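Chemist: missing the sequence, but the structure's below:
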C-alpha cells in the first residue's frame, strides 16, 4: 500500500551570499525558500511519496511566492494556514576551506512561531495519510509551536499514524537543556527517531554520548547509545548521521540505522560539499523511505546515507534526487548517466 506523508514546520526565506562571500562584504544574495520539514517532504516526493505540508505563511506576495516555490515540487500546500505578519528568514554565508559556513536567523515573530493548535484542522490534514513528521526546530521557535506539534502528535496517534521526528538541534535557537525539557514529553509518541550521533539533545536526554571516534566505528559501537534511546522512549526505529568535518569543502559522511532488532552502519562517503544545508534532511527522507518499504537495516542505512550525501551536492535546501539515483549512490556509483 502506498504511503502518504504529512509534516509540520516553518518555511523560511534563505538569503545566501554569492561566490562564498562573507556576510559583512555581501552586496547581493541568492533567495530561495526552505525549512527542515519541507525539505524532507520534497525529498520524499521525489521518491514517489504523496506529501503534504502544514505550516503558517503570510497571505501576502512573499508568502504566495513561498507557496508557489514549494508547490512546483509536488508537495500539497492546501493545509498551510495563510495568515500572520511575516515570513521568517535566515542569511547563509557559505564557508570555504578552513572557514566554516555561518547562519544568522531573522525569524522572531514569524507567522509560524505564532501558530496555535486550534488553527489546524487535524482531521482534514490527516485524512488519507499514514505518516506524520516533525522536528525539534519547530518546537524551538516558540512554546505555541510546541503545543501545536503536541496536538498533532495526539491526533496522529489517535488516527493510527506512524510518527517520526528529527531532533535537529540548533544552538542558535536554544540550549540542549531547554531542548530536552521541551521535547521530552513528545517522545512517547515517536515511532522513528532521527538525529545526529553527536546531537547534544540526545546526550542530555539519554545521559550518554553517542560520539564514536573514527577508528573505533562499527555498527556494534553505536548499539549502547541506540539501545538506551529505545529503552527510555520505546522508539521502534532509530537513524543517526555521522559526520567528520575535514574542511568546509570536505566532509566524511555515514549513517547508522537500527530497525528494532538489527543495527547497521552504512558505507562511508567522502563529500566535496557544494551546499551542506539540507544534508540531514536528505538523510531523514532516506531513512523514512527505507522504513516505508520495509527494507532491512543494511539497505536502509546505505540508502539514507546516500540520500544525505547527494543532498550535499545540490545547491539549495532540497534533495532533488530520484530513488534510482540514490540507490546508485548507495552502491558507490558515480558514473555518467547516459
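Modeler: Right, received. Where do you want to start? Small disclaimer: the values here were computed from a predicted structure and weren't measured.
Chemist: how about the strands in the stretch 101-250 of the chain?
Modeler: 102-106, 131-135, 162-166, 192-196, 237-245, 250-258 (DSSP state E, counting those that start in this stretch).
Chemist: determine the angle, from 0 to 180 degrees, between the fifth one and strand 162-166.
Modeler: Orientation of strand 237-245 against strand 162-166 (axes from the mean of the first three to the mean of the last three Cα atoms, to 10 degrees) gives an angle of 20 degrees.
Chemist: which strands border strand 237-245, and is each parallel or antiparallel?
Modeler: Sheet partners assigned to strand 237-245 using DSSP bridges are listed as strand 192-196 (parallel), strand 250-258 (antiparallel).
Chemist: any idea of the mean pLDDT for stretch 236-252?
Modeler: For stretch 236-252, the mean per-residue pLDDT is 96.
Chemist: okay, how far is it across that stretch, tip to tip?
Modeler: End-to-end span of stretch 236-252 (Cα to Cα, to the nearest Å): 27 Å.
Chemist: for the helix or strand of the chain at the bottom of the mean pLDDT ranking, buried residues please.
Modeler: Within the chain, no helix or strand scores below helix 200-206, which has a mean of 87 by mean pLDDT, DSSP states H and E. Buried residues in helix 200-206, counted by 16 or more other Cβ atoms under 10 Å: 200-206. All C-beta spots, glycine's among them, are computed from the backbone N, C-alpha and C.
Chemist: packing partners of that helix?
Modeler: With contacts defined as 3 or more Cβ pairs under 8 Å, 6 or more residues apart in numbering; DSSP states H and E, the packing partners of helix 200-206 are helix 176-183, strand 192-196, helix 223-233.
Chemist: now with 6 Å, please.
Modeler: Packing partners of helix 200-206 (3 or more Cβ pairs under 6 Å, 6 or more residues apart in numbering; DSSP states H and E): helix 176-183.
Chemist: and the helix it packs on with strand 162-166, angle?
Modeler: 170 degrees.
Chemist: and residue 35, what does it touch?
Modeler: The contact partners of residue 35, taken as Cβ atoms under 6 Å, 6 or more residues apart in numbering, are 9-12.
Chemist: and residue 228, by the same measure?
Modeler: Residue 228 neighbours (Cβ under 6 Å, 6+ apart): 206, 208.
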